[in-house]
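Colleague: Sequence first, then the predicted structure, then my questions.
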Amino acid sequence: MALFAVEYTYSDKTAGARDERRPDHRGWLSGLVADGTVLATGPWTDGTGALIVIDVADEAAARELMAQDPFAQADLIDAVRITGWLPVMGVFND
């Protein structure tokens with residue numbers, strides 16, 4: 001299993017547009033949850049970004065996938081950090 005942590009950073013200047021596009025963003029994520037690609041997702045409690053844990057083949061696949069996010073397509077994400085992750089204990093283990 002190849003897991004990746006995708007960290008989004010948001011700014012206040014895109015808050016209104018994100019509110020408008022949120023149904024599309026969450027609909028896209030819901031489909032990925034249903035097919036097992038997204039294992040967990042949610043915003044930081046302070047509103048500065050979000051974390052998405054995905055199961056894909058490699059970093060290139062992760063970047064390709066995240067480019068399809070309606071937020072990304074509308075240029076509403078200030079920064080994206082994608083990091084490979086190897087869980088050793090807990091709910092994300094095999």
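Modeller: Thanks, I have it.
Colleague: What residues of the lengthiest helix in the chain count as buried?
Modeller: Longest helix of the chain, by residue count under DSSP state H: helix 15-34. Neighbour counts over helix 15-34 (16 or more other CB atoms under 10 Å) mark 18, 21, 25, 28, 29, 32 as buried. Any C-beta I mention is one placed from the backbone N, CA and C, and that applies to glycine too.
Colleague: Just confirm the fourth one contacts residue 66, I think it does.
Modeller: No - with contacts defined as CB atoms under 8 Å, residue 28 does not count as touching residue 66, sitting 10.4 Å away.
Colleague: Beta-bridge partners for residue 79, please?
Modeller: Bridge pairing for residue 79 (DSSP bridges) gives the partners residue 9.
Colleague: okay but it is in contact with residue 8, surely?
Modeller: Yes - counting by CB under 8 Å, residue 79 does reach residue 8; the two are 7.4 Å apart.
Colleague: Comparing those two, which residue is more hemmed in?
Modeller: Shown here are residue 79 and residue 8; by other CB atoms under 10 Å, residue 8 has more neighbours (22 against 10).
Colleague: All set now, cheers.
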